[in-house]
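Undergrad: Okay, predicted coordinates and the sequence, questions at the end:
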Amino acid sequence: ACLTRFTDQAISWLTSHQQQHADTPFFLYLPLTSPHKPVIPLVRFRGQGKAGAYGEFMIETDYHIGRILDYLDQAKLSKNTLVIFSSDNGGQVSVGANNGGLRDGKQSVYEGGLKVPTCASWPGRIEPGSRSDLMALSMDLFPTVCAVARAPLPGGAKGVERIEGRSILPTLLGKAQMEL
């Protein structure tokens, strides 16, 4: 029920923002608890998929992400909204996660525990179906969002730490990007 509540609150916030500040940009960070324990999919998702409760929880997660994307479409925000979907670590193999050909999974120092796919959508800016093998880190997301907003990165001023990430906006837009 927490995924439902988080998604309901996110949509409520988006609705409120649109009503009060329709002409201003917004930033929504929605860290869903799935696929973390407890893995308890709602009853309506049980029996779906082929990976037991873990797979059902992923199907439920997909449903809630779809609710956010549907809201953006209905509010006519999709074309001017960058959506980034990622994870904090690889899947937990002991509960049925499939990390492809990568060794091991969550709680491991091997690739299966560290590498995660990231999906981004921004109609008219990111080519649908495009792919990249660029190695990036979650700490690259903040500089990327700053680049999208044309906001300067903090750092360099007295007492302010330098940001270690780098923008991956060129890669998202299909342009050349320097490797690390």
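TA: Looks like it arrived, so ask away.

Undergrad: biggest helix in the protein by residues?
TA: helix 52-74 (DSSP state H).

Undergrad: which residues touch that one?
TA: Helix 52-74 is touched from outside by 3-4, 6-7, 10-11, 14-15, 30, 32, 34-35, 39-42, 45-49, 51, 77-78, 81, 83, 85, 92, 95-97, 121, with contacts defined as C-beta atoms under 8 Å, 6 or more residues apart in numbering. The way it works is simple: take the backbone N, C-alpha and C, and place the C-beta from them, glycine included.

Undergrad: If any of the residues you listed are buried, put those into a ChimeraX selection.
TA: ChimeraX command restricting the contacts of helix 52-74 to the buried ones, with burial defined by 16 or more other C-beta atoms under 10 Å:
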select :3,6,7,10,11,14,32,34,35,39,41,45,49,78,81,83,92,95,96,97,121
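
Undergrad: So which residues of the protein form strands?
TA: 83-85, 119-121 (DSSP state E).

Undergrad: Strand partners (parallel or antiparallel) of the first one?
TA: When you say that, I think you mean strand 83-85. Using DSSP bridges, the neighbouring strands of strand 83-85 in the sheet come out as strand 119-121 (antiparallel).

Undergrad: model confidence over the partner strand, on average?
TA: Across strand 119-121, the average pLDDT comes to 96.

Undergrad: What of stretch 77-85?
TA: Looking at stretch 77-85 alone, the average pLDDT works out to 95.

Undergrad: can you give me the end-to-end distance of it?
TA: 17 Å (C-alpha to C-alpha, to the nearest Å).

Undergrad: For it, what is the distance to the chain centroid?
TA: The chain centroid and the centroid of stretch 77-85 are separated by 11 Å, computed with C-alpha atoms, centre = their mean, to the nearest Å.

Undergrad: Need the contact partners of that stretch.
TA: The set of residues external to stretch 77-85 that reach it, using C-beta under 8 Å, 6+ apart, is 14, 18, 65, 68-69, 71-72, 118-126, 141, 144-145, 148, 172.

Undergrad: likewise stretch 36-43?
TA: Contacts with stretch 36-43, where a contact means C-beta under 8 Å, 6+ apart, come from 1, 3, 4, 53, 54, 56, 57, 59, 60, 95.

Undergrad: how about the helix or strand of the chain with the lowest mean pLDDT as CSV, C-alpha atoms only?
TA: Of all helical and strand segments in the chain, the minimum by mean pLDDT, DSSP states H and E falls on helix 111-114, at a mean of 92. Extracted in CSV, the C-alpha atoms of helix 111-114 (Å, rounded to 0.1, in the frame of the first residue of the first chain):
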residue,chain,number,x,y,z
GLU,A,111,28.9,-5.7,-11.4
GLY,A,112,25.5,-7.2,-10.7
GLY,A,113,25.4,-5.3,-7.4
LEU,A,114,26.6,-2.0,-8.8
